[in-house]
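Visitor: Below is the sequence, then the predicted model.
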Amino acid sequence: MFFDNYIEHPNAKLNNNLLWEYNLSDFDFLKMRNLVVQRVVERGWPDDWYFILNFYGLEEVKKAIKEISYLNDKDMNFVSVIFDIPFIELKCYTKKQLTKQHWNS
């Protein structure tokens, strides 16, 4: 895995700008796990990745990634490769396959 050394970064902080629209003083990080993980996947830096991996644990991050409703193709490919998650297990992939595509002609 790309972030194998996350345990070496126990003091990593989450960039507050990722959750700019929320009041973080009373933000429930456990309840909003999927949102936090989605924001880190879409816009996070290495410290943000280290934070979620230390805070939630590897298996919980993988579970959250599988439950995210939308990711663009680049982010979907990234998490699939990095966390060894087949596309078919990603909700965002199966949801994308169900939507009708317009013809390109």
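Guide: Perfect, thanks for sending it. Numbering: from 1, shown residues only.
Visitor: low-scoring stretches of this structure, by residue?
Guide: Along the chain, segments meeting pLDDT under 70 span 1, 98-105.
Visitor: how about the helices in it?
Guide: In chain order, the chain shows helices spanning 33-43, 46-56, 58-67, 73-82, 91-98, with DSSP state H as the criterion.
Visitor: Give me the buried stretch members for the fourth one, please.
Guide: Applying a neighbour-count criterion of 16 or more other CB atoms under 10 Å, one finds 75-76, 79-80 buried in helix 73-82. Backbone N, C-alpha and C define where each C-beta goes, glycine included.
Visitor: can you dump the C-alpha coordinates of it into PDB?
Guide: In PDB, the C-alpha atoms belonging to helix 73-82 read as follows (Å, rounded to 0.1, in the frame of the first residue of the first chain):
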ATOM      1  CA  ASP A  73     -12.700   8.300 -12.500                       C
ATOM      2  CA  LYS A  74      -9.200   9.400 -11.400                       C
ATOM      3  CA  ASP A  75     -10.000   9.100  -7.700                       C
ATOM      4  CA  MET A  76     -11.800   5.800  -8.300                       C
ATOM      5  CA  ASN A  77      -8.800   4.300 -10.000                       C
ATOM      6  CA  PHE A  78      -6.500   5.600  -7.300                       C
ATOM      7  CA  VAL A  79      -8.300   4.100  -4.400                       C
ATOM      8  CA  SER A  80      -8.900   0.900  -6.300                       C
ATOM      9  CA  VAL A  81      -5.200   0.400  -6.900                       C
ATOM     10  CA  ILE A  82      -3.800   1.800  -3.600                       C
END
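Visitor: Which residues outside it are in contact with it?
Guide: Here helix 73-82 makes contact (CB atoms under 8 Å, 6 or more residues apart in numbering) with 1-3, 41-42, 65, 71, 85-87, 90, 92-93.
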